[in-house]
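J.: I'll drop the sequence and a predicted model, then ask my questions.
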Amino acid sequence: MSIILILGLAGNGFPETVTNQQILEKLNSLEVKIARLETKVEEGQKNLQKQIDGLDNKLSTRIESVENLLYVILAGMFALVGFVIWDRRTALAPAVKEMETVKKRDEKIVRILQEYALKEPKLAAVMRNVAL
């Protein structure tokens, strides 16, 4: 039985001896394949880096566009606030001027009535009742 086993192992299709030349050839072919793989990996990394750089540039331009848009919006807001303040001043200026005119006119009328009340006792009594 052991003879059959030994014969079975010997006839498995593997060459019995491997020469140093065959080992060196196989190692050389493996080294060539590894070198090819290394160059492919390096090329892939370079291409990937180019893509990343391109995306970085695109993202930078987008961010700059958003910043510029923000500046425009802020400038518009400041301009709007400035316009509102200016408009209030210009809109209120005529009203304030007219109010001052009316106030001066009222003061003149009160002075006239007070002077006339000195000559007319009935008017003086009426003005005291009204607290003028």
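T.: Good, I have the coordinates. Numbers count the residues shown, from 1 in each chain.
J.: Run a quick neighbour tally on Met127.
T.: Residues near Met127, counting by other C-beta atoms under 10 Å, number 16. For the C-beta atoms, the positions are set from N, CA and C on the backbone; glycine is no exception.
J.: likewise the one 3 residues further on?
T.: Neighbourhood size, Val130 [other C-beta under 10 Å]: 8.
J.: Tell me where this protein is predicted with low confidence.
T.: In the predicted model of the chain, residues 1-16, 132 satisfy pLDDT under 70.
J.: ok, which stretches of it are helices?
T.: Remark: helices assigned in the chain by DSSP state H are 2-10, 20-119, 121-130.
J.: counting contacts, what elements does the last one pack onto?
T.: Right, helix 121-130. With contacts defined as 3 or more C-beta pairs under 8 Å, 6 or more residues apart in numbering; DSSP states H and E, the packing partners of helix 121-130 are helix 20-119.
J.: what's the spacing between Val72 and Leu59?
T.: Separation of Val72 from Leu59 (C-beta to C-beta, to the nearest Å) stands at 20 Å.
J.: do Glu43 as well
T.: Distance of Glu43 to Leu59, given as C-beta to C-beta: 25 Å.
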